[in-house]
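>>> Show me how the following folds:
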Amino acid sequence: MTLIADNRPNRDPESIIMIDDGTGLSVAIPTVIITKEFGDALKEEIKDVERKNENPSNKRDYVVLLVDFKMDNPDDRVEYDIWYTSGDATALNYIISMKAYNDKLGKNALMTPHMIVRTCSFCTNQDPNCKSHGTTIYCAGFSNNLPISGSASLSLGIEEHCIYDIYKDVNNGEMWWDYMKEVYGCRDKKYSDPCISTAKQYIGIDISKLAMCKYREAQILEKEAENWLSSGIPYSPAVIINNRVFRVISY
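Model (predicted):
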């Protein structure tokens, strides 16, 4: 395990978001950020123990650090949000892997998916990577595994959002999980319309209900963009469990 002490005093480690340039995805060393004050105290304790151990007549001493991860508990169930860029193969693979855990938790968990949506100032109305509604232009989340345009990613995400919204109370949202698995199978076909249509038909998605939900596209994009800004998540995929942000290393 790696401990990283803040270099500025009187800061809450919860306010620090650590990111990388993408080259650290293969590194899976548990890391904990601590305050500068605690880091200074820990270093002094280690120095004190080292001084005592220099005397061979003393019983050898050690510094033992207990790391305890405590989760906020808003109610009697686990509440977690999955944040991802629609069409990202890494994110879809992660979602598929999470289903087994969601099934074990059953009604003791509440999962809410979120599509990463950004407002963009560098896009134009004609840019295939963006969607415009009024004076606001939206872009998909950053991804190195996106075989489609940003606009197509947003369209895919809106449908996934609607399917979750329509069927979230049916058998613990089972239809959304099954649909996401079928969508993953369309990645090699670049999420073509025939493949996605077959997935909807196979799962039994009500196309009329889906069309009604998609009329709210502008409101969905606006709300998800607001949620993304407040989440503090700069990467895909990621998960928030009981209000704490966790990064998915690789899948």
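
>>> got any ranges where the protein has weak pLDDT?
Low-confidence segments of the chain (pLDDT under 70): 17-27, 69-75, 124-126, 248-251.

>>> ok, which stretches of it are strands?
The residue ranges that make up the strands of the chain, judged by DSSP state E, are 2-5, 31-34, 78-84, 109-115, 117-119, 130-133, 136-140, 238-241, 244-247.

>>> Could I get the CA-only coordinates of the fourth one as PDB?
Right, the one you point to is strand 109-115. Provided in PDB are the C-alpha atoms of strand 109-115 (Å, rounded to 0.1, in the frame of the first residue of the first chain):
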ATOM      1  CA  ALA A 109     -28.800  -2.400  -3.400                       C
ATOM      2  CA  LEU A 110     -30.000   0.500  -5.500                       C
ATOM      3  CA  MET A 111     -27.900   1.000  -8.700                       C
ATOM      4  CA  THR A 112     -28.300   4.100 -10.900                       C
ATOM      5  CA  PRO A 113     -26.500   4.400 -14.200                       C
ATOM      6  CA  HIS A 114     -25.300   7.700 -15.500                       C
ATOM      7  CA  MET A 115     -24.000   8.700 -18.900                       C
END
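
>>> State the paired neighbours of that strand in the sheet, together with their directions.
Looking at strand 109-115 with DSSP bridges, its paired strands and their directions are strand 78-84 (parallel).

>>> next one: the second one
Here strand 31-34 has these sheet partners by DSSP bridges: strand 2-5 (parallel).

>>> want to try CSV for the strands of the chain, with distance to K190 and mean neighbour count as columns?
The way it works is simple: take the backbone N, C-alpha and C, and place the C-beta from them, glycine included. Converted to CSV, the strands of the chain look like this (distance: least, C-beta to C-beta, whole Å; neighbours: other C-beta atoms under 10 Å):
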stretch, distance to K190, mean neighbour count
strand 2-5, 39, 13
strand 31-34, 36, 14
strand 78-84, 18, 20
strand 109-115, 18, 20
strand 117-119, 21, 21
strand 130-133, 18, 19
strand 136-140, 14, 21
strand 238-241, 24, 18
strand 244-247, 27, 14
